[in-house]
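1. sequence first, then the predicted structure:
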Amino acid sequence: MSKENIQYIAKKIVENGKGILAADESTNTIKKRFNSINVESNEETRCFYRDTLFSTPDISKYISGVILFEETFFQKNSSNESLKEKLENINCYPGIKVDQGLEEFNKDSIETYTKGIETLDERLKPFAENGAKFTKWRAVINIGENIPSNHCMEENSSLLAEYALISQNNKLVPIVEPEVIMDGEHNIDKCYEVTKETLNQVFNSLKEKNVDLKGMLLKPNMIVPGDKSGEKLNIKEIAEKTLACLTKTVPEEVPGIVFLSGGLSSINATMILNEINKLNSASWNLSFSYGRALQEDALKMWAGKSENKNVAQNIFLHRAKMNSLACHGKWDASLENE
């Protein structure tokens, strides 16, 4: 895949109101999700659940790509069909989560860096050879007393840039995810300040490494108050501050921004995305890369039972459609009852 092809795929992923399903939950994370519905997490149940999502009729109208966990990328369902090939057959780009989780800088701090950069180039080869079109790497920035530190932001920005370059060298579109998480007592202005500084450092690092900005996507947090701040979510304020932050930090060459949902509810993630797109006048396409905010309602309905498959798929399709409308600024609460 040439440089032009990487740019083409990056652009296609965020075109026409389409977004990304983040189905890259680690084994530990999906175990927690399954525990909430009293379903045992094993290779078979994980495969059946993800197969249910991927085989949803018409899902490719609203979902352009799916981020997969390594297990899922090479998995086959009970009919011996490859889950990755199922996505390819409906014109959904398969992507792969390639970071190896978080490590604390030291035992006295909650600040972390993302593991896996040393082996990344070697690990990307089998995914690139077997049809992956994009990758994802997540860094986490905490807000608290005297944090984030400059060291934490610099280290994670540098790792994100190195990851993006290695990914592009392997002809894969990198999704760069610097997440300022909403855990904490901080107000919305503190989130704005930290996110702005983080994104500035990330793009400085990307430029230093000569990463092709036209051949990548950014996956940032929205500007929201900490979950323990006591502040109520003001949808319009969040949208305005999020756009203001992006306008000050993200170069125009970047073709698209795919928001993460963080700890937001399914409906709030849709409402904020819609409000952002109603206000947006910049050149980027503003879309979604949601995990829980796309899956949560469908997961509860599925509850591990094959007889619930069709209803769960309908719920998943509805949520994807609502977020697609939000990409155009055309979502409305009345549509939720369709």
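-> That came through fine. Not measured: the values here are computed from a predicted model. Residues are numbered from 1 along each chain as shown.
2. check contacts around Glu338.
-> Shown in contact with Glu338 (CB atoms under 8 Å, 6 or more residues apart in numbering): His318. Yep, even glycine has a C-beta here, placed from its N, CA and C like the rest.
3. cutoff 10 Å now
-> His318, Lys321, Met322 (CB atoms under 10 Å, 6 or more residues apart in numbering).
4. just the helices in the protein please.
-> Using DSSP state H, the helices of the chain run over 3-13, 27-35, 43-54, 70-73, 83-89, 120-129, 150-169, 188-208, 235-249, 266-279, 292-302, 309-327.
5. now the ones you listed in TSV, with distance to Phe105?
-> As requested, the helices of the chain are exported to TSV (distance: least, CB to CB, whole Å):
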stretch	distance to Phe105
helix 3-13	32
helix 27-35	21
helix 43-54	32
helix 70-73	26
helix 83-89	35
helix 120-129	20
helix 150-169	7
helix 188-208	16
helix 235-249	24
helix 266-279	30
helix 292-302	27
helix 309-327	35
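6. what is the mean pLDDT for stretch 319-328?
-> The average pLDDT within stretch 319-328 is 98.
7. hey, C-alpha coordinates of it in PDB?
-> What follows is stretch 319-328, C-alpha atoms only, in PDB (Å, rounded to 0.1, in the frame of the first residue of the first chain):
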ATOM      1  CA  ARG A 319     -27.100   3.000  18.000                       C
ATOM      2  CA  ALA A 320     -24.800   3.000  15.000                       C
ATOM      3  CA  LYS A 321     -27.400   4.800  13.000                       C
ATOM      4  CA  MET A 322     -27.900   7.400  15.700                       C
ATOM      5  CA  ASN A 323     -24.200   8.200  15.800                       C
ATOM      6  CA  SER A 324     -24.000   8.300  12.000                       C
ATOM      7  CA  LEU A 325     -26.800  11.000  12.100                       C
ATOM      8  CA  ALA A 326     -24.800  12.800  14.800                       C
ATOM      9  CA  CYS A 327     -21.800  12.900  12.400                       C
ATOM     10  CA  HIS A 328     -24.000  15.100  10.100                       C
END
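8. and it, which residues are buried?
-> Neighbour-count burial for stretch 319-328, counted by 16 or more other CB atoms under 10 Å, picks out Arg319, Ala320, Lys321, Met322, Asn323, Ser324, Leu325, Ala326, Cys327.
9. export the residues you listed as a markdown table, with columns for distance to Trp137.
-> A markdown table is the format used below for these (distance: CB to CB, whole Å):
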| residue | distance to Trp137 |
| --- | --- |
| Arg319 | 26 |
| Ala320 | 24 |
| Lys321 | 29 |
| Met322 | 28 |
| Asn323 | 23 |
| Ser324 | 25 |
| Leu325 | 29 |
| Ala326 | 25 |
| Cys327 | 24 |
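10. out of those residues, flag the one nearest to Ile272.
-> The shortest gap between Ile272 and any of the buried residues of stretch 319-328 belongs to Ala326, at 8.4 Å (CB to CB).
11. residue contacts, the closest one?
-> The contact partners of Ala326, by CB under 10 Å, 6+ apart, come to 17, 19, 269-278, 286-288, 332.
12. could you redo the last one with a cut-off of 6 Å?
-> Residues in contact with Ala326, defined by CB atoms under 6 Å, 6 or more residues apart in numbering, are Thr270, Leu273, Asn274.
13. most neighbours out of the residues you listed, which is it?
-> With neighbours taken as other CB atoms under 10 Å, the top of the contacts of Ala326 is Leu273, carrying 30 neighbours.
14. distance of that one from Met222?
-> Plainly put, Leu273 is 8 Å away from Met222 if you go by CB to CB, to the nearest Å.
15. okay, now the unreliable bits of the chain?
-> Where the chain drops to pLDDT under 70, the residues are 1-2.
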